[in-house]
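Novice: starting from these lines, generate the structure:
(one chain, ligands or ions: 1)
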Amino acid sequence: MGSLDSEGQYKVKGDGTFFNDGREEQLLEFVQQKCEQNPSNKTPEGVLQLVDEYGSQQKYLMNIGSKKGPIIVKLITERKPQTMVEFGSYVGYSTILFASAVKRNGGKEYISFERDTKFASIAKALVELAGLGDIVRFVIGSSSKNLFVQHGLGQLKSIDMVFLDHYKPAYVRDLKICESLGLISRGTVLAADNVISPGNPSYLEYVRSTVQEKKRKLDSQSEETHEKFPERTVNQYQDVEEDDAQAPGDPNIEYNSYLVHSEEPTGEPDGIEITTRIS
Ligand SMILES: C[S@@+](CC[C@H](N)C(=O)[O-])C[C@H]1O[C@@H](n2cnc3c(N)ncnc32)[C@H](O)[C@@H]1O
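Specialist: Here you go, the predicted model:
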């Protein structure tokens with residue numbers, strides 16, 4: 001992966017548009033050109049290095065980056081997941097970084113859920129350039145609906161590790177769907193990005209709750225709301241319809257959960273919540 005020192009930090013996000021303004025197509029062209037000029041770039045490390053180069057020298061990209069990424073690579077190396085699922089591919093940075101680690105550690109499949117067709121096709125092109133087309137499968141559309149679809153088709157039977165990095169209010173909803181579908185087994189590990197920046201209090205509350213607390217909440221039928229998220233986070237994908245696929249979850253599942261502090265590729269403080277099902 002691209003090893004960036006403090007001088008190689010990504011461009012700051014800024015207050016305006018920070019994605020879907022042509023930069024993703026520009027990135028793909030940049031990486032393709034560099035790979036044509038020098039085919040030795042066509043490896044996971046080579047492609048990630050080029051994406052990092054674009055993010056630090058041209059425009060900000062909402063990738064996990066080279067500071068938080070290794071936290072999850074270490075988990076993959078320790079736990080050796082056979083099947084890993086990711087929510088939110090964007091341009092495929094985390095897909096390449098984590099699928100490469102899954103493959104190195106004997107895993108079979110990396111399934112990446114991405115709502116946006118254009119982002120998914122850019123991610124797919126970069127994954128192919130990185131030589132990981134044999135292990136990565138993209139599922140395009142809303143993650144919540146597609147979890148039901150994939151499960152119904154028999155294409156998703158169990159998950160060993162999950163990386164959550166999509167619409168922040170959907171973390172709890174998709175985890176509950178996975179629980180209800182029986183996809184979360186004892187030992188399944190969840191790694192949730194951005195729990196400090198922009199933050200995800202509802203998710204942290206859910207994975208840190210006791211069985212009794214979850215049962216009480218389910219009994220009182222309290223609804224998930226967007227109240228605990230900054231307006232910018234709720235409206236980030238405002239051009240898409242709100243998801244209606246839901247499931248109650250399994251309150252009997254017990255998790256062990258802890259926060260690992262780290263940084264965004266811009267240097268901004270952030271953290272990853274690591275959660276393991278213990279019973
Ligand atoms: C922060 S980016 C992902 C970055 C990527 N994981 C990485 O680190 O390289 C979030 C992505 O989630 C996607 N997304 C948002 N809501 C989604 C949903 N409900 N289902 C699937 N993808 C979603 C967005 O289109 C966007 O590409």
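Novice: so how far is stretch 203-218 from its chain's centroid?
Specialist: Computed by C-alpha atoms, centre = their mean, to the nearest Å, the chain-centroid distance of stretch 203-218 equals 23 Å.
Novice: run through who's touching it.
Specialist: Contacts with stretch 203-218, where a contact means C-beta atoms under 8 Å, 6 or more residues apart in numbering, come from 164, 168, 171-172, 175, 190, 192, 195, 248-249, 251-255, 257, 259, 273, 275. Backbone N, C-alpha and C define where each C-beta goes, glycine included.
Novice: among those residues, name the buried ones.
Specialist: For these, a burial check counting by 16 or more other C-beta atoms under 10 Å picks out 164, 168, 171-172, 175, 190, 192, 195, 249, 251, 253, 255, 257, 273, 275.
Novice: measure Asp116 to the ligand for me?
Specialist: To the ligand, Asp116 is 4 Å away according to C-beta to the nearest ligand atom, to the nearest Å.
Novice: find the closest residue to the ligand in the stretch 1-150 of the chain.
Specialist: Here the stretch 1-150 of the chain gets closest to the ligand at one residue, Gly88, 2.9 Å apart by C-beta to the nearest ligand atom.
Novice: can I assume that residue is in contact with Asp116?
Specialist: No. Between Gly88 and Asp116 no contact is recorded; they are 9.6 Å apart, counting by C-beta atoms under 8 Å.
Novice: of the two, who's got more company?
Specialist: Between Gly88 and Asp116, counted using other C-beta atoms under 10 Å, the more crowded position is Gly88 (23 against 20).
Novice: how about the residues of the stretch 1-150 of the chain by the ligand?
Specialist: Within the stretch 1-150 of the chain, the positions near the ligand by C-beta under 6 Å from any ligand atom are 62-64, 87-88, 90, 93-94, 113-116, 119, 142-143.
Novice: repeat that for 5 Å
Specialist: Within the stretch 1-150 of the chain, the positions near the ligand by C-beta under 5 Å from any ligand atom are 62-64, 88, 90, 93-94, 113-116, 119, 142-143.
Novice: among the residues you listed, which ones are in helices?
Specialist: Among those, the residues falling in helices (DSSP state H) are Tyr93, Ser94, Phe119, Ser143.
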